[in-house]
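Asks: no FASTA, just this:
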């Protein structure tokens with residue numbers, strides 16, 4: 001079901017930027033020429049949920065080109081993808097940079113729509129991750145997530161004061177310095 005909905009969102013997104021025929025071909029390739037149908041649709045892995053939220057993000061991204069309000073909904077879909085598979089943070093980071101650079105007015109909505117999944121993620125970690133060797137892993141994970149959120153927030157704040165031409169250089173340097 002999630003893979004079928006993912007294909008539907010891919011079709012809807014492609015139809016907005018190309019002809020219906022090309023959108024159908026693109027969706028057919030996405031659905032049947034990748035491992036979406038053969039692997040992910042057969043079992044309920046976290047991949048299916050992540051692909052669903054990423055395809056929803058692509059739809060919101062394409063829809064946001066004509067109506068910027070949809071860029072605020074990206075917060076919900078991207079945080080859902082990160083909740084399902086934390087490695088979706090890589091994809092989400094670049095979409096976040098795109099929204100910061102091009103749709104600064106929607107940043108408040110972006111953060112507001114990401115709150116539900118973030119709270120679910122934090123509560124899940126609080127109740128299911130137990131202390132190991134006297135160290136509460138939840139606290140460590142929470143501090144790491146807090147640092148990542150702080151980096152995103154700093155990028156947003158800097159984007160208010162720095163022209164777009166210099167923003168990409170500053171954000172890349174900030175991320176590199178954070179992870180080093």
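Replies: In hand now; what should we look at? For clarity, every value in this text was computed on a predicted model and none was experimentally measured. Numbers count the residues shown, from 1 in each chain.
Asks: for the residue nearest in space to the middle of the chain, what are its contacts?
Replies: The centroid of the chain falls nearest to residue 78 when counting by C-alpha atoms, centre = their mean (2.4 Å). Listed by C-beta atoms under 8 Å, 6 or more residues apart in numbering, the contact set of residue 78 reads 53, 57, 88, 91, 92, 95, 96, 114. From N, CA and C alone the C-beta is placed, and that goes for glycine too.
Asks: break down this structure into its helices, ranges please.
Replies: 2-17, 20-32, 35, 46-66, 69-84, 89-102, 107-128, 137-161, 164-179 (DSSP state H).
Asks: those helices: lowest mean pLDDT?
Replies: Mean pLDDT is lowest for helix 164-179 among these, at a mean of 51.
Asks: winner for burial among the helices of the chain?
Replies: Scoring the helices of the chain by mean neighbour count under mean count of other C-beta atoms under 10 Å gives helix 69-84 as the most buried, with a mean of 23.
Asks: how far off centre is stretch 118-126?
Replies: Relative to the mean C-alpha coordinate of its chain, stretch 118-126 is positioned 17 Å out (C-alpha atoms, centre = their mean, to the nearest Å).
Asks: lovely, talk soon.
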